[in-house]
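Undergrad: here is my input; please provide its structure:
(one chain, ligands or ions: 1)
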Amino acid sequence: MCGIVGYVGGRQAVPILYQGLSDLEYRGYDSCGIALLDGKGILTAKIAGRLSKLRELLKDLPPATTGIGHTRWATHGRPSQENAHPHVDCRHEIALVHNGIVENHRELREELISRGHTFTSETDTEVIVHLIEEAYDGDLASAVRKACRQLKGSFALAVISAKEPGRIVAFRQSSPLIVGLGEDEKILASDIPAVLSHTRKIAVLADGQCASITRYGLEVFDACGNLTDPDVRVVNADIDVAMKENFPHFMLKEIHEQPEALARVLSGRVKGGLPHFEPEEFRLSAEDVRKLQRIFIVACGTAYHASLTGKALFERLAGVSTEVDLASEFRYREPLVPSGSLVIAVSQSGETADTLAAMREARARGARVLAVTNSPVSSLAREAESVVYQRAGIEIAVASTKAYVTQVLCLALLAVHMGISTGHLALEEARKITSSLQKLPEQARKALKSEARVKEVASDVSRFEDVFFIGRGVDYHTAMEGQLKLKEISYIHAEAYAAGELKHGTLALIEQGTPVVAVLTDPSVAEKTASNVMEVKARGGRIISVTTPLTGGAFPPDPLDVEIQVPASYPLASPAVAVIPLQLLAYYAALQRGTDIDKPRNLAKSVTVE
Ligand code: AGP
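TA: Numbers count the residues shown, from 1 in each chain. The predicted structure follows:
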């Protein structure tokens, strides 16, 4: 939930660390700091607040070519200068930054205090630096490994010692870490964007691995302390670069990138008019699929909303009973997972702690694991048996947009593919659906044309404190995603309901003028939703509807109602198109309210804590 960077090389570390932190600020942004090794010792600069505030302090730091940095999303201890990373040991000889949670920090802290250590923060992190201090006998990498053996939880670490200039030691356990391999420099980071302006060659650390990083060398040790070959990859230059270009916010840019992102999902994945997956993407044979008793999908937030549509797709197209769980609930509900089940973990980042834990729980209960993720270097991609990449390109805005639509399309292609194997879909029908799915990029492009109209509506909506979203079937899933977008970036209270459920209680909240966003894109249920719309209108609610040419005009309009039309797409995948005006609605309402759109309060892009 935090961003880590490290630099060792021949250049000045401060500007590189600062830039790296700003590339990772989406991971957390309530405090930040940097520690340098300048030959004489360790120097730190840290503050509560945004990175821009740190810039001033950095001017006073001496030149140095080795350093580590951190941008924080607080878990243990409020955002303050004391709690900001880096943390240092009692002798001020070791500095450390951490991403993750030390679950046994209380016991460790008590023990360390009883042995004479002095703590200066409320964080769980600080125990680690004191444990390393105790373990240090001239070899930082071995001290870090020794300290980590005492930790429970998730931790990615970067550590420097005044006694070992020109070296950074990193450790990864359930939180991501990569090392950018420059010619005569190395850049350590939590995520790819922070290394891209320096190199595209990266080493991906695996769980339990420790790395000793110097200007010219990288040594990776496995969990037993044996030297091992690093997992080196070259990052795709075309889709992994993230710059705002001419857009005022990443979110708006990413909304506009959706047609291309959808086209990338399809690229090479349709052959002979049918979905095609490479063997490493889908390792189940047709026989395995036929034998599947149940599919479990686990995900959080936006990915959960995409997964709800996934359930509809798998049940209707593949004929396999599918359960969708919020990942944070799955592992604690003692799920009955019949042997031979498939668990699909859906996660943009592939690092969401709850999703990883749910996936592991299902695997432990005998399920096979397929991941739908946007990150090839993630824990999820590493651990899953089959991995379908979303190819959305790096998503920087905390509010997920292109990740959502690419998840929906990946799941739709998988459902058709599996439907052919189970025999639930005749080839002709499968071809027809695949051809409809191929139209999604163009339909998304057309849906973006609603922008000017949505912008007008948004300025109105931004004046309200409560907004409701309704829909049926997959339109309900779209409504759920729409309300999450509005909530997270505009801070307007928003709720989504299955349209038929409103009258069972929530209708009491509808007053004169209350905005109700109604999604009616699925012709099979549009009329039913229209009846629920009429119930809202009878109580004074103001309707903003998202319809298609097939469902428009389903209810008599009032002068104050607004109808936004998007192209009619394949109904079960329609959230990939219908969500676009709702993303824009959230964006422009937030803009009107002057919130920090790309970095909304209290949130972070990658939630690596439970
Ligand atoms: C969506 O706008 C949010 N940022 C959030 O709900 C997100 O989708 C959720 O945290 C899951 O993230 P993941 O896809 O990386 O697992």
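Undergrad: how's this structure carved up into domains?
TA: What automatic domain parsing lists as the domains of the chain is 3-242, 250-438, 448-593.
Undergrad: nearest to the ligand, of these?
TA: Comparing the domains of the chain by their distance to the ligand (C-beta to the nearest ligand atom), the top pick is domain 250-438, with 1.8 Å. The C-beta positions use only the backbone N, C-alpha and C, and glycine is treated the same way.
Undergrad: now the domains of the chain as CSV including distance to the ligand and mean pLDDT?
TA: Compiled in CSV, the domains of the chain are given as follows (distance: least, C-beta to the nearest ligand atom, whole Å; pLDDT from 0 to 100):
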stretch, distance to the ligand, mean pLDDT
domain 3-242, 10, 92
domain 250-438, 2, 95
domain 448-593, 6, 95
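Undergrad: need the nearest residue in space to the closest residue to the ligand within the stretch 501-610 of the chain, chain neighbours excluded.
TA: Using C-beta to the nearest ligand atom, Val607 is the residue of the stretch 501-610 of the chain that sits closest to the ligand, at 4.7 Å. Nearest non-adjacent residue to Val607, counting by C-beta to C-beta, 6 or more residues apart in numbering: Thr352, 5.3 Å away.
Undergrad: count of neighbours near that neighbour?
TA: Here the number of neighbours of Thr352 (other C-beta atoms under 10 Å) works out to 31.
Undergrad: can we start the residue count at 33 from this point?
TA: With 33 as the first residue, the last one maps to Thr384.
Undergrad: what's near enough to touch it?
TA: Taking C-beta atoms under 8 Å, 6 or more residues apart in numbering, we find Thr384 in contact with 332, 335, 359, 638-640.
Undergrad: could you redo the last one with a cut-off of 7 Å?
TA: Contacts for Thr384 (C-beta atoms under 7 Å, 6 or more residues apart in numbering) come out as 332, 359, 638-639.
Undergrad: also Ala80?
TA: Ala80 sits next to 63, 111-113, 116 when contact means C-beta under 7 Å, 6+ apart.
Undergrad: mind listing the helices for the stretch 333-482 of the chain?
TA: Counting by DSSP state H, counting those that start in this stretch, the segments of the stretch 333-482 of the chain that form helices are 333-345, 359-362, 385-396, 411-415, 434-454, 459-469, 472-479.
Undergrad: may I see these organised as JSON lines, with mean neighbour count added?
TA: Shown next, in JSON lines, are these (neighbours: other C-beta atoms under 10 Å):
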{"stretch": "helix 333-345", "mean neighbour count": "26"}
{"stretch": "helix 359-362", "mean neighbour count": "21"}
{"stretch": "helix 385-396", "mean neighbour count": "22"}
{"stretch": "helix 411-415", "mean neighbour count": "21"}
{"stretch": "helix 434-454", "mean neighbour count": "27"}
{"stretch": "helix 459-469", "mean neighbour count": "17"}
{"stretch": "helix 472-479", "mean neighbour count": "22"}
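Undergrad: switch those over to JSON lines; also include distance to Leu539.
TA: Output for these, formatted as JSON lines (distance: least, C-beta to C-beta, whole Å):
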{"stretch": "helix 333-345", "distance to Leu539": "23"}
{"stretch": "helix 359-362", "distance to Leu539": "28"}
{"stretch": "helix 385-396", "distance to Leu539": "33"}
{"stretch": "helix 411-415", "distance to Leu539": "40"}
{"stretch": "helix 434-454", "distance to Leu539": "28"}
{"stretch": "helix 459-469", "distance to Leu539": "35"}
{"stretch": "helix 472-479", "distance to Leu539": "29"}
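Undergrad: excluding chain neighbours, give the residue nearest to the residue most central in space within the chain in space.
TA: Among the residues of the chain, the one closest to the centroid is Ser381, at 3.8 Å (C-alpha atoms, centre = their mean). Distance criterion C-beta to C-beta, 6+ apart; nearest residue to Ser381, sequence neighbours excluded, is Ser638 at 4.2 Å.
Undergrad: go on, Gly382?
TA: Spatially, and ignoring its direct neighbours in sequence, Gly382 is nearest to Ser410 (2.5 Å; C-beta to C-beta, 6+ apart).
Undergrad: does that neighbour really touch Gln380, like I thought?
TA: No. Contact criterion C-beta atoms under 7 Å: Ser410 and Gln380 do not qualify, at 9.2 Å.
Undergrad: OK, contacts around Ser638?
TA: By C-beta under 7 Å, 6+ apart, Ser638 lies in contact with 33, 59, 381, 383-384.
Undergrad: what of Ile521?
TA: Residues counted as contacts of Ile521 (C-beta under 7 Å, 6+ apart) are 431, 618, 622, 627, 629, 632.
Undergrad: now do 8 Å
TA: By C-beta under 8 Å, 6+ apart, the residues touching Ile521 are 283, 430-431, 618-619, 622, 627, 629, 632.
Undergrad: now do Phe187
TA: Here Phe187 is in contact with 130-134, 160, 180, 203-207 (C-beta under 8 Å, 6+ apart).
Undergrad: element containing Thr294, please.
TA: To be clear, residue 294 is Leu; Thr isn't right here. Per DSSP states H and E: Leu294 is located in helix 290-298.
Undergrad: show me what that helix is packed up against.
TA: Packing partners of helix 290-298 (3 or more C-beta pairs under 8 Å, 6 or more residues apart in numbering; DSSP states H and E): helix 434-454, helix 472-479.
Undergrad: is it possible to get JSON lines of the ones you listed that adds distance to Asp239?
TA: Output for the helices and strands packed on helix 290-298, formatted as JSON lines (distance: least, C-beta to C-beta, whole Å):
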{"stretch": "helix 434-454", "distance to Asp239": "24"}
{"stretch": "helix 472-479", "distance to Asp239": "36"}
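Undergrad: show me what contacts the residue nearest to the centre of the chain?
TA: By C-beta under 8 Å, 6+ apart, the contact list for Ser381 reads 405-407, 410, 637-638.
Undergrad: what's the answer for Thr580, then?
TA: So Thr580 contacts 553, 555, 597-601, 606, 610 (C-beta under 8 Å, 6+ apart).
Undergrad: so the helix or strand harbouring Ala622 versus helix 459-469, what angle?
TA: Assessed by DSSP H and E, Ala622 sits inside helix 607-625. Angle, helix 607-625 to helix 459-469, by axes from the mean of the first three to the mean of the last three C-alpha atoms, to 10 degrees: 20 degrees.
Undergrad: buried ones in helix 607-625?
TA: Going by neighbour count (16 or more other C-beta atoms under 10 Å), the buried part of helix 607-625 is 607-624.
Undergrad: Ile465 versus the closest residue to Glu347 other than its chain neighbours, what's the distance?
TA: In this structure, Glu347 finds its nearest non-sequential neighbour in Thr354, 5.3 Å apart by C-beta to C-beta, 6+ apart. Thr354 is 17 Å from Ile465, where distance means C-beta to C-beta, to the nearest Å.
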